[in-house]
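Engineer: Attaching a predicted model along with its sequence, questions to come.
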Amino acid sequence: MTNDLIRRDHSAIILWLAACAVLVAMMVMIGGYTRLSGSGLSITVWKPIHGIIPPLTDSAWREEFVAYQQSPQYLKINKGMSLDEFKTIFWPEYIHRLIGRITGAAFFIPLVIFAVRESFSVRFSLRLLGIFGLGALQGVIGWLMVKSGLVNDPQVSALRLALHLSVAFALLAMLIWAVMDLRDAAPLDLPASCKKDYKIWFFALCLQIIFGALMAGTHAGLVYNTWPDINGQFLPDGLLKQPWYENLTLIQLTHRNLAVLVAGGFLFWWYYYRHYVKDNHLGKVCGWVALLIALQFALGVLTLLHQAPLTLAWMHQTVALLLFIIAVILMHKLCHRDTGQNNTRFRSFEWLDPKIR
């Protein structure tokens, strides 16, 4: 597998892609903080090159502050804010954008060097170019998201926020998958149903993450702050009154129910395929997934009950990121390099198969 993808510089390429994955993960963590802290709208212009240098003089700071004072966030929420207070919301957004630029350079420059050295196969080169293209698109999506909060309403579009986060997670998954591919691990002996059922669970996890972004973008976590009931109800009123992406009740109800589905679904999958998990030495990675699910569930409930304070909400988002990373690693272990040696067709959770039971 390795020889099919790269021709030389094996260890250096793995280190490079792993470092890029870490940078993308940092981007997600800092991006989550900027959204939750209200810092994301502090920089009102997009300067891909010039913007790498922060304000260094009093006049530069005043110029940046004057631009912010024309924004809806200042006029409707932060009017009267001092320059020093502005700096506290400027720096998180600046660091977020700076790491984005560093990530782009850290990916593109070694990509060119390795390409000149002919380290990649053509197939792997196209794959890496696709990752770079998606990263460039992510920058554009990020700016369009910020721009949506600079018009009238000082709040970014929840749909654009969800798209921005989804592309970031897709980039992270592609980088992790590439690193795992280059490690050239042996394929596992698993029934097709084990892989298929895990993919269904993983899809539910991704959907839950998207609804988490919608929760953050619409502030739906502030609507109902009781658990497990929803202000005394389990099926609240108003579920069909608005479009789904603007309906705070529907968004929160979906996020709650998906959390139960994701938690219970993984435990059921692990128990049902426990013999295959044990035989293929997957117990440790499954244990990490289960541990992170439990932690994430507890943080979600606490965040809801306490009306989404910054620290709890940011920890909730960060654990979601860690859970996604481990889930992608497990996905690769289960599904990569299907050699056709185990093509027996199984129905999902084939109840009558004694080997699976």
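Structural biologist: On my side now, so go ahead. Residues are numbered from 1 along each chain as shown.
Engineer: Any regions of this structure where pLDDT drops low?
Structural biologist: Regions of the chain meeting the criterion pLDDT under 70 cover residues 1-3, 50, 184, 337-357.
Engineer: do that again at 50, thanks
Structural biologist: Counting by pLDDT under 50, the chain has low-confidence residues at 1-2, 338-357.
Engineer: Got the domain ranges for it?
Structural biologist: 1-184, 187-357 (automatic domain parsing).
Engineer: I'd like the ones you listed laid out as TSV, including mean neighbour count.
Structural biologist: Where C-beta positions appear, they are placed from N, C-alpha and C, glycine not excepted. Listed next are the domains of the chain as TSV, based on neighbours: other CB atoms under 10 Å:
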stretch	mean neighbour count
domain 1-184	17
domain 187-357	16
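Engineer: Which residue ranges of the stretch 1-150 of the chain form helices?
Structural biologist: Listed in chain order, the helices of the stretch 1-150 of the chain (DSSP state H, counting those that start in this stretch) span 2-5, 10-37, 58-68, 72-76, 83-116, 122-148.
Engineer: now the angle between helix 122-148 and the longest one, please.
Structural biologist: Regarding helix 83-116 and helix 122-148, their directions subtend 160 degrees when assessed with axes from the mean of the first three to the mean of the last three CA atoms, to 10 degrees.
Engineer: Start at 54, not 1
Structural biologist: From this message on, residue numbering opens at 54, which makes the last subject helix 136-169.
Engineer: Helix 136-169 - contacts with which helices or strands?
Structural biologist: With contacts defined as 3 or more CB pairs under 8 Å, 6 or more residues apart in numbering; DSSP states H and E, helix 136-169 has these neighbours: helix 63-90, helix 111-121, helix 175-201.
Engineer: Quick check: which of those is nearest to His334?
Structural biologist: For those, the distance to His334 is smallest for helix 63-90, at 21.4 Å, taking CB to CB.
Engineer: circling back to that earlier point, quick one, which of the helices of the stretch 54-203 of the chain gets closest to Gln370.
Structural biologist: Closest approach to Gln370 among the helices of the stretch 54-203 of the chain is made by helix 63-90 (4.1 Å; CB to CB).
Engineer: Mind putting the helices of the stretch 54-203 of the chain into a markdown table with distance to Ala226?
Structural biologist: Formatted as a markdown table, the helices of the stretch 54-203 of the chain follow (distance: least, CB to CB, whole Å):
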| stretch | distance to Ala226 |
| --- | --- |
| helix 55-58 | 17 |
| helix 63-90 | 9 |
| helix 111-121 | 35 |
| helix 125-129 | 32 |
| helix 136-169 | 15 |
| helix 175-201 | 10 |
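Engineer: Let me know which of these is the nearest to Tyr251.
Structural biologist: Taking CB to CB, helix 63-90 is the member of the helices of the stretch 54-203 of the chain nearest to Tyr251, at 21.2 Å.
Engineer: contacting residues for the residue nearest to the spatial centre of the chain?
Structural biologist: Centroid-nearest residue in the chain, with CA atoms, centre = their mean: Phe222, separated by 3.7 Å. Neighbouring residues of Phe222 by CB atoms under 8 Å, 6 or more residues apart in numbering: Val81, Cys259, Ile262, Leu374, Phe377.
Engineer: residues making contact with the helix or strand harbouring Arg309?
Structural biologist: Using DSSP states H and E, Arg309 falls within helix 301-325. When contacts are defined by CB under 8 Å, 6+ apart, helix 301-325 is touched by residues 250-251, 253-254, 257-258, 260-261, 264-265, 267-268, 271-274, 276-277, 280, 283, 288-293, 295, 297-298, 330, 339, 342-343, 346-347, 349-350, 353, 402, 409.
Engineer: what do you get if the cut-off is 7 Å, keeping everything else the same?
Structural biologist: 250-251, 254, 257-258, 260-261, 264-265, 267-268, 271, 273-274, 276-277, 283, 289, 291-292, 297, 330, 339, 342-343, 346, 350, 353, 402 (CB atoms under 7 Å, 6 or more residues apart in numbering).
Engineer: Give the next helix or strand downstream of that helix.
Structural biologist: Using DSSP H and E, the helix or strand that follows helix 301-325 towards the C-terminus is helix 327-332.
Engineer: Can you tell me how far the nearest residue to His359 once chain neighbours are set aside is from Gly274?
Structural biologist: With CB to CB, 6 or more residues apart in numbering as the criterion, His359 has its nearest non-adjacent residue at 6.0 Å, and that residue is Leu365. Distance from Leu365 to Gly274, counting by CB to CB, to the nearest Å: 10 Å.
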